[in-house]
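Student: fold the following, please.
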Amino acid sequence: MGAVKKTLATIAATSMLLAGGVATAAPASAADIDSGIWSVAGEAQPPTTLQTWLDWSYMTSTTNRHSPRSINSGGATIEVRSGTYNGVQYGWGRVINALALSYIRFEVDTNGDRRPDLQDWENAQNGSTKWTDGYPTSSSSNRAFRACATWGYDVTCNLAGPSNTTDWW
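Tutor: Coordinates of the predicted model:
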């Protein structure tokens, strides 16, 4: 699957260069390709935006964890999680008891329109628990998070449908 992501990232980066860089569609680095971090707003994002993500491997090291949003779908539980790491509060997506061939997708709204501006996803195996990378929370009502279970890394939560998607938090 990593080779597919890298190939798609190369195609997306080439397309953006040829289009004059009108949108940020490629990840910031090869490491971001593997973790699934992309900007999806259709507007250019400064590179520093993507550097604020916390890798999913740190989620079990966070404190004060809780699930402000959760939904059950076909035996899987999809959650928006929140916790603190090194004094910074993060939100991330988690799936428990993932369905076969599914992905956990985490979408971030940064401007208050409740449309995803940033996203992360992780491939989830049948019956597994999987986390996405985390993004810093904010006291601003413009920042919001939601999570969903999808059948492909490029499938948005809107396409996944309400039965597979948490409410915005």
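
Student: please count neighbours and contacts with C-alpha atoms only from this point.
Tutor: Noted.

Student: what strand or helix carries residue 159?
Tutor: For residue 159, the host element (DSSP states H and E) is helix 157-160.

Student: pairing partners for the helix or strand harbouring residue 123, with directions?
Tutor: Assigned by DSSP H and E, residue 123 belongs to strand 118-124. Strand 118-124 has the following strand partners under DSSP bridges: strand 38-39 (antiparallel), strand 102-109 (antiparallel).

Student: what residues does the last one touch?
Tutor: Residues external to strand 102-109 that are found in contact with it (C-alpha atoms under 8 Å, 6 or more residues apart in numbering): 78, 80, 92-95, 115-126, 130-132, 135, 142-153, 156-157.

Student: so where do the strands sit in this protein?
Tutor: 38-39, 63-73, 76-85, 88-96, 102-109, 118-124, 130-131, 135-136, 144-150 (DSSP state E).

Student: from what I see, residue 133 and residue 118 are in contact.
Tutor: No: counting by C-alpha atoms under 8 Å, residue 133 does not reach residue 118; the two are 11.5 Å apart.

Student: tell me the mean pLDDT for the strand holding residue 123?
Tutor: For strand 118-124, mean pLDDT rounds to 95.

Student: in it, what counts as buried?
Tutor: Under the neighbour-count criterion of 16 or more other C-alpha atoms under 10 Å, strand 118-124 has 118, 119, 120, 121, 122, 123, 124 buried.

Student: now the fourth one. Nearest residue, chain neighbours left out?
Tutor: I take that to be residue 121. residue 105 (4.2 Å; C-alpha to C-alpha, 6 or more residues apart in numbering).

Student: ok, that neighbour - how many residues close by?
Tutor: Other residues within reach of residue 105, judged by other C-alpha atoms under 10 Å, total 34.
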